[in-house]
Every structure is written in C-alpha cells, then in structure tokens.
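Undergrad: could you work out the structure for the sequence below:
(4 chains)
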There are 2 protein chains.
Amino acid sequence: MSNAPVRRPRIADVAREAGVSKSAVSFAFNSPQRLSQETASRILAVAATLGYRPHPVARMLAVRQTTTIGILSPQPLAQVFANPFFPLFAQGVATVTDDRGFGLLFISPLHGSLRRAMERATVDGIVVIGLEESHPEVESIRGSHVPVILVDAPAWPEHGSVGVDDETGARAAAEHLVALGHRELLVVGVEPPTAMADFSPEGVTGRRLAGYRSVAADHGIELGRDRVVVGPATFEGGEQSLLRAWSDGLRPTGVLAMSDAAAAGVVQGGRHLGLKVPDDLSVVGFDDLPLSRFIDPPLTTVHQPVRLKGEEAARLLLLALSSPPGSPSGEHRILETRLVVRRSTAPPPEPARARG
Amino acid sequence: MSNAPVRRPRIADVAREAGVSKSAVSFAFNSPQRLSQETASRILAVAATLGYRPHPVARMLAVRQTTTIGILSPQPLAQVFANPFFPLFAQGVATVTDDRGFGLLFISPLHGSLRRAMERATVDGIVVIGLEESHPEVESIRGSHVPVILVDAPAWPEHGSVGVDDETGARAAAEHLVALGHRELLVVGVEPPTAMADFSPEGVTGRRLAGYRSVAADHGIELGRDRVVVGPATFEGGEQSLLRAWSDGLRPTGVLAMSDAAAAGVVQGGRHLGLKVPDDLSVVGFDDLPLSRFIDPPLTTVHQPVRLKGEEAARLLLLALSSPPGSPSGEHRILETRLVVRRSTAPPPEPARARG
DNA sequence: CCAGTTTAGCAAACCGGTTTAGGCAACTCT
DNA sequence: AGAGTTGCCTAAACCGGTTTGCTAAACTGG
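TA: Reported below is the predicted structural model:
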C-alpha cells in the first residue's frame, strides 16, 4: 500500500500498465475497431481497474470541440431565473441539446462584464437571449469567434436569429382592450430597471410598445411615456408596477403587460387595491406561459411559442456548427404570435365607460 | 490581403509579433507585474490588434481548474425546467456562483446515462439535486473525482449535503388538515413517473409521505397506497393527478400536495370538477414558491427555503473546492420548514364533516 | 571595482489527451 | 520466392496555454 497521494490516472498510466502505447489506449476508447478485439478489451479492462476516464478538458483541447453550447443573457443569472419565461425557453433549447448530446452552459456577466464571461466560456456556439442593441458590450458578441444565434434581438446579418412578431402581437392585445371600450390604458414593461434615455425601437420592449402605441394613436388614445411603467418580469415586479402607477395618480381600466408574470402580479396588485379583475380592471399579458391558465382569472394574453423559440434557436445553432466554418449562418426566423382571450378582460366599469 | 483562412490567433502569434517569448505574453495577461510597464502594455496592444484571447480550454488544462460548477439532475433538463421549483433553486446557486465568478453548467443524462454525462462535464465540482438512492447510477456519482454536494438526497458521509426537514414539514401540513376536520385525504406526490416498487423512505417523496402517514396514523385515518397519486411537479401534473384520483372514485376533502405547482394544478382541477377551494376542497402545497401567493386562493403550503438551499449547496461546494483535496467535505446541513397558512384550506364541507 | 541583489525575460517542461504517418509481421497472390 | 496487401500497433507532432527554474543585465552598497 503506497501512501502517495492518489493522482487521477492518465492515459500514460493505462498505457504502461497494459503494455501498449498511448495511441492504443486512445483508440480503445474512440475507435476500438482499429485494434484487435483482445487488445481493445484488455486495455479497457486495465482502464477500468485503474479507474481511468479520459480527461474531458484535454479531450476538448485536442479535438477542438467542446460539444457544449452556451445560453448567454446580459443579466445576472439570478435575475434571469426569476422570470418564468426563461425556464420555458431553456426547456426548448434543452430539448434539442439533450437530444443531440450537447451540454448546456449558462453564461452571465462575469463581474459585470459580458466580454469576460464569453472569454471564459468553453462552448462551440452561443444562443443570446434578450440582448438590446444599446447594450454597451454588444461588440464583444458580434466579434465572437464562435457561431451565435440571437433571440429576441436586433437581427445582424452575420448571425442567425429567431424572434416573434412582437409588434403584431402587441397590436392585437391593444385592439382587444380598445374594442372592449377601454381608453385609460397602462403599459407594464418588462425591462430590467436599467436607465435608458428612451426605449430603443430595436428591443422587445420597444417593438411591443410601438404596437400598443400605434393602436392607441389609431383611436386617439393617449399613451405617452407617463403611462408606461417598467419593472422586472416577475410577479412582484408586476404588482409593484401597478401600485406605483396607482400612487402616481393613474387610474387605468386596462393594463397591457409585456409578460404573463407581471400580468399576474398586476392582477394581484389590483386585488390589493380593491379592484376586481376583470370587472374593475382588465389585464392582458404577453407570453402565454402555462401559469396563465392557472391564475384566477385565467389570463387573456398574447401567445408566443416560447419553447419553440428555444428549440429553433438551438437547432439553428447546431446547424451552424455542423456547416463548414464561414458559411452564412444568417437565417432569420420570425415566429407568430396570437391573442388568446381568457377571462381577465372585460368592458371597463360603468363610470369609465360613460366617460369614454 | 492574404486569402489564408483566418485562424484564431494563438499565444505564439502574439509572441512573434511582439518580439517576445510565449511566457512573456502569458505574464502580460496573468501577472503583468512580472514585466516592465512598457513591455506589458506593448504585448497587450499587439494582442488587441491581433484579436487574441487566451483559449479558455487550453487555459483550463494548464491550470487544472475550470472555474465552473455543475448542477446535475437525474432527469432530462427539459423536464427539470418544467418544475418551477428548479429555477428558484438555480437562482440560489447562481447567486453565489455569479458572485464568486464561477460558471454554471447544467448536467443531465447523456443519452440516458448519468455516468457519461459526468465524464463529459468540465467542472470543478457538482451540486446534485433530486437524486434517489435507488437510482441505478448512483455509484458513478459516489465515485466521482470531483467534490460533490447532495441536495435533497440521502446523506453520504464522504460528501456534503443540504436538505430540509421534510418529514416535520409534511407532518405540519397533515396536522393542519386534520385539525380542520378532514379525514378523507389524498396525497399528490411529485416523483417523475418512474416505476418504483414502493417509495423508498430515503427520497424526498418517501420522507414527506412518512410525515403525512404518521399523522394519519395518529388519528386513525387511512392513508394507504391507493390514496397516493404521483405525477410531475407541474401545474398540469397536479391537475391530472386530481382528475385521475377523482375518476378512480376517490372523494377527498383535503389534498396534500408535495409541490406548489402540483397544488396549483389541483386547485384548477377542482374547479373543473365544480369544487370550490377551500369550501369544497382544501389543498396544501409544499415549497412556498412565489407563485403560491399569486394564485387564487393564495395557497396554504409548507415553506422551505428553496433559494437558500441553492445558496448553501453552492457555498458548501465552493468551500470544498478551496480546501485541500481529500479534506472532509462532509458537512450536512438541514434547513427548516414551516407551515404557512393562507386561504386554500378550510374545514371540510358539511356532509363530510357530519360523516367525520 | 567587485560581490550581492533585483529586475526582466526566456527556454523548456508540463497539463492530458488525439491523430497522422509509418513500421513491422503475417498473409495473399502470381 | 518476391511483390503487394492487410492488420495491428507505435512514435511523434499537435492542441494552446501556464509555470518553473535560470540567465543576463542593471542596480546597490561598501
């Protein structure tokens, strides 16, 4: 019994023990048909008794492939996971990575820097979610050496992308509320509370807002900056947003929320204010997450194929990975949205209707 | 203009271009103080114009560290993300990994094999969540060469672990229902639909069931195998579970769900059956996820510190990583649970109460 | 001016695998 | 018997960095 510290066995140990070369050991694991039956199994047996496993990092370096893709988000992971949209999206990409045997690494800013995080990430390609054109570090992503697919972000010709028709979806939501007779509207945006001079029309928030506003404009309804409040896309975020708007003196009869989570929070917030949904307050969400059917009342919302979005992004990325490097990965896929009317929307209450 | 394919620049390219050795370039990046001011910045400048970034895999290999930890779950990722418990847990671990500059890799079975997935994972340590002692590949985890922290799993002396006092929590839930007068109970378990001969008392499900049953036994209430139905820990899973039980002829007045997601589904399922919650049906969940306050009625549930669980697991793991190898990482931390009474529970309806 | 100490940078070993090019026997064919 | 195959295995180069001595020059003090 030796008292030497137990080092992880390496390929050379197996080779020596089995009386063969390193190459032979490597072949035994990766292309056993290049060895005689007996030799291969003898090597494998020796490896097993030694507890040898090929070192994954060394392997990655040698084959120049990690068989892992990254999901990159510009927000800290803890924040990202707070939004129920995200797990659903992740489900989509996980479905295809699982199927194709790829690993999944979550990339978030390293000490505030996306560039540093990307430099550290050992992935073959990256799915970027929720990046705004105005982000200070977009360049570090554009200049990435690995294939990139953008999700819900401005389309760059050199990278593939997948998104949904946000503006049309937003229009449908607004039309619905207006058709019911609402004229006092409140928009609950989902941006993380980054200070932005204004909403770039490039981002998700911007596109949806444009949709809401174009409908408002069509009907002579005011929907200025003061009727837009933003918060995190979470239950709490939505609840706070409504309460804040209320205490600012706004008295909307209809709320256009940019996420179901926020919408659910708005419903709850309304309850705290003594408002019945939909009798006193209508709210329409965005996403159509599973939870939207399970809150009370079931949420009227704009459906978008979130999981599919993840799947498509992953598929596009894996496609780019298997194509010769340099070939255009620039497919841009836009998925459809549609309004799903449930029971969180109704005509505005009498006094408001009279006013309208 | 050369037509050579653009190779990623490597350290040797920078060295040549800057007229220094590879070591100097390495120092410029990792310990610039070992170089003169000018040399260091000259190297960095050359590196910048060349677009050079140290290759992360090569670096990992050389320093024998990945600065990444893994979250391993025995179920496919797509399934894991469907359970709202998980993102919350992930939030916890992400909080500390973000803070400490570690990456986060999600490890799920590779083509059905946990062992294969682990062999491929380039991580310094692993947090294992939701592993049952009966899992066929536990051994490949016990024998892992990297530090491991088990969450909600049987404590192994050689690995640290964190869990909660499931049985006490479950007892509290059952006591609550029984105290309200319920005697017709249904348990909704959260196991993935793996065929198990019986519920091992080692697993989460087993421990909670033991808690429920011990209370039932104390009060002479029957809670046999036929009153336990299991399904995925999702809204849909809970809904289906109740409907299935109902169509099997069970007529519970109180439901003990092992997850909030399932509990929310049960509430919805009850609605479909024309049952009012809590008037006709009481349901108590487990977890106390954020959503439990936002469904209607707000859910009575057993609180467990899910996010904290993630944080503690990550902290324990990082601690083990920074300790000398071989030192005992075997701290076992049990967090507390407590019943949170909201509005999904009430005395059973009259006919049942009369019967009881 | 010389011994002793810093400073700046280099060469070479190393991390742990994969893969290409080839060598040597044994076998086949003529 | 000699040339050409085939089967099995090896040596050596390579992936792209980090790190450990070590040397040569510059500086310090007596």
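Undergrad: report how many residues lie close to the residue of the stretch 101-250 of chain A found nearest DNA strand C.
TA: Residue nearest to DNA strand C within the stretch 101-250 of chain A: A:T122 (13.7 Å; C-beta to the nearest atom of the strand). C-beta: built from backbone N, CA, C; applies to glycine. For A:T122, the count of nearby residues is 23 (other C-beta atoms under 10 Å in any protein chain shown).
Undergrad: distance of it from DNA strand D?
TA: 12 Å (C-beta to the nearest atom of the strand, to the nearest Å).
Undergrad: next one: A:R251
TA: From A:R251 over to DNA strand D (counting by C-beta to the nearest atom of the strand), the distance is 60 Å.
Undergrad: so that residue makes contact with A:L186?
TA: No. A:R251 is beyond contact range of A:L186, at 9.0 Å (criterion: C-beta atoms under 8 Å).
Undergrad: more crowded one of the two?
TA: Set A:R251 next to A:L186 and count neighbours by other C-beta under 10 Å: A:L186 wins out with 24 against 10.
Undergrad: and the closest residue to chain B within the stretch 251-356 of chain A, what pLDDT?
TA: Closest to chain B within the stretch 251-356 of chain A is A:D296: 3.1 Å, counting by C-beta to the nearest C-beta. Here, the pLDDT recorded for A:D296 equals 86.
Undergrad: cool, and A:P5?
TA: For A:P5, the model assigns a pLDDT of 57.
Undergrad: what of A:M1?
TA: A:M1 is assigned a pLDDT of 44 by the prediction.
Undergrad: now stretch A:21-39: buried residues?
TA: A:A24, A:V25, A:S26, A:F27, A:A28, A:F29, A:L35, A:T39 (16 or more other C-beta atoms under 10 Å in any protein chain shown).
Undergrad: returning to that earlier point: and the residue of the stretch 101-250 of chain A closest to DNA strand C, what is it in contact with?
TA: A:T122 makes contact with A:M60, A:T66, A:T68, A:L105, B:P56, B:V57, B:M60, B:T66, B:T68, B:T122 under the criterion C-beta atoms under 8 Å, 6 or more residues apart in numbering or on different chains.
Undergrad: where does the closest residue to the fifth one other than its chain neighbours fall, secondary structure wise?
TA: The reference is to B:P56. Excluding its sequence neighbours, the residue lying closest to B:P56 (C-beta to C-beta, 6 or more residues apart in numbering or on different chains) is A:T122, at 5.0 Å. Here A:T122, judged by DSSP states H and E, is contained in no helix and no strand.
Undergrad: mind checking pLDDT for A:T122?
TA: So, for A:T122, pLDDT stands at 97.
Undergrad: on the three-state scheme, A:F27 is what?
TA: Here A:F27 is recorded as helix under DSSP: H, G, I helix; E, B strand; the rest coil.
Undergrad: now flag whichever of the contacts of A:T122 is closest to B:I149.
TA: Nearest to B:I149 among the contacts of A:T122 is B:T68, at 14.9 Å by C-beta to C-beta.
Undergrad: for that closest one, which non-adjacent residue is closest in space?
TA: B:G103 (3.7 Å).
Undergrad: for the residue of the stretch 251-356 of chain A closest to chain B, which non-adjacent residue is spatially closest?
TA: Counting by C-beta to C-beta, 6+ apart, A:D296 lies nearest to B:D296, which is 3.1 Å off, once chain neighbours are set aside.
Undergrad: check A:F29 too.
TA: A:P54 (6.1 Å).
Undergrad: if anything else comes up later, I'll come back, but that's it for now.
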